[in-house]
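Trainee: show me how the following folds:
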Amino acid sequence: MEQKEIWLHSLQTVTPQEGYELAIKLSRMGVKSIQPDMEVLKKLRPEYANNTTGLTMASHVIAVNFQTVSAANNYWK
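Mentor: Reported below is the predicted structural model:
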């Protein structure tokens with residue numbers, strides 16, 4: 001079994017901004033996990049970068065991840 005690098009040590013962040021940045025990273029790492037070939041990602045980028053539906057869906061994924069991070073941080077109360 002292949003040993004993977006551990007990049008997510010915690011969902012805890014100091015500020016909501018850091019939490020939002022973590023949500024983006026979670027989203028990007030999800031894409032990288034399902035499509036690990038960087039050349040394919042680069043080839044497809046012009047297509048999805050100009051697709052409003054795809055961008056809206058990507059924003060939704062980030063929002064869901066931000067909800068998860070926010071809950072893990074007790075909404076920074």
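Trainee: in this protein, which helix is the longest?
Mentor: helix 52-72 (DSSP state H).
Trainee: mind checking the pLDDT average for that one?
Mentor: When pLDDT is averaged over helix 52-72, the result is 96.
Trainee: outside of it, which residues touch it?
Mentor: Where contact means Cβ atoms under 8 Å, 6 or more residues apart in numbering, the residues beyond helix 52-72 that reach it are 11-13, 16, 19-20, 22-24, 26-27, 30, 48-49, 76. To be clear about C-beta, it is placed using only N, CA and C from the backbone, and glycine gets the same treatment.
Trainee: strands of the protein, start to end?
Mentor: For the chain, no strands are identified by DSSP state E.
Trainee: tell me which stretches of it form helices.
Mentor: Secondary structure of the chain, counting by DSSP H: helices at 16-34, 38-49, 52-72.
Trainee: possible to save those helices as JSON lines with distance to residue 3?
Mentor: Listed next are those as JSON lines, based on distance: least, Cβ to Cβ, whole Å:
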{"stretch": "helix 16-34", "distance to residue 3": "15"}
{"stretch": "helix 38-49", "distance to residue 3": "20"}
{"stretch": "helix 52-72", "distance to residue 3": "25"}
